[in-house]
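Turn this into a model:
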Amino acid sequence: MDLRIEHLHDHPEHFPTVAAWIHREFWIGREGHSPQRMEARLRTASDPDRIPLSLLALADGEPAGTVNLVENDDEEREHLTPWLAALLVVPEQRGKGVGSRLVLELVDHARRLGVRRMYLGTDIPAFYERLGATVHEQVTDAFCVMAIEVPG
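The predicted structure follows:
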């Protein structure tokens, strides 16, 4: 498999697809959210030299996953910034290293932007622990906020 990680803004034809993925996985059923609203948010990640950033995984040229770096992804923890948000790999590409590559590429971009630590919320901490993240706060038995130290 040829796996490339690129900026989503370089592939505008995939904005609707990625927005639908994120909406379906994380936002469906929440009032006031729609794929169109998510697409508008993704389109704000238009400058690779500032946050927000949106990365797209392309497996053999086809969209396979996404991850984002945003200022904040948790209204109750506005003091924590920035956040790794909406990591998603399409089902047929899971277990092939796509998610890990997306996270590691995002860490590289964060480093380039001067970020020293980023946060994320998850119900699968073991995945992120393998990539160097640590639990910052155990929110519930099934959900935690993690921190990833960005090497200098």
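
Pick out the residue nearest the middle of this structure.
Relative to the mean C-alpha position of the chain, the nearest C-alpha, by C-alpha atoms, centre = their mean, is the one of residue 67, at 2.6 Å.

Run me through the strand neighbours of whatever helix or strand that residue lives in, direction for each.
Residue 67 belongs to strand 62-70 when elements are defined using DSSP states H and E. Strand pairing for strand 62-70, determined by DSSP bridges: strand 53-59 (antiparallel), strand 83-89 (antiparallel).

buried stuff in it?
With burial defined by 16 or more other C-beta atoms under 10 Å, the residues of strand 62-70 counted as buried are 63-70. Heads up, the C-betas are built off the backbone N, CA and C, glycines and all.

and of the strands paired with strand 62-70, who's closest to residue 6?
Shortest distance between residue 6 and those, using C-beta to C-beta, is found for strand 53-59: 5.6 Å.

Just the CA trace of that closest one, in PDB.
In PDB, the C-alpha atoms belonging to strand 53-59 read as follows (Å, rounded to 0.1, in the frame of the first residue of the first chain):
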ATOM      1  CA  LEU A  53      -4.500  21.800  10.700                       C
ATOM      2  CA  SER A  54      -6.300  19.000   9.000                       C
ATOM      3  CA  LEU A  55      -4.300  16.000   7.700                       C
ATOM      4  CA  LEU A  56      -5.600  13.400   5.200                       C
ATOM      5  CA  ALA A  57      -4.300   9.900   4.800                       C
ATOM      6  CA  LEU A  58      -4.300   8.600   1.200                       C
ATOM      7  CA  ALA A  59      -3.900   4.900   0.700                       C
END
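
can you map out the helices along the protein?
Taking DSSP state H to define them, one finds helices in the chain at 15-22, 35-43, 98-112, 125-129.

quick one on the thing from earlier: between all of the buried residues of strand 62-70, which two are separated the most?
Farthest pair in the buried residues of strand 62-70 (C-beta to C-beta) is 64 and 70. Separation: 20.8 Å.

one step back: arrange the strands paired with strand 62-70 in CSV, one row each, with mean neighbour count, mean pLDDT and distance to residue 149 as further columns.
As requested, these are arranged in CSV below (neighbours: other C-beta atoms under 10 Å; pLDDT from 0 to 100; distance: least, C-beta to C-beta, whole Å):
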stretch, mean neighbour count, mean pLDDT, distance to residue 149
strand 53-59, 22, 98, 18
strand 83-89, 22, 97, 12
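
measure the closest residue to residue 22 other than its chain neighbours to residue 141 for me?
Sequence neighbours aside, residue 86 is the residue nearest to residue 22 in space, at 4.8 Å (criterion: C-beta to C-beta, 6 or more residues apart in numbering). Applying C-beta to C-beta, to the nearest Å, the value for residue 86 to residue 141 is 23 Å.
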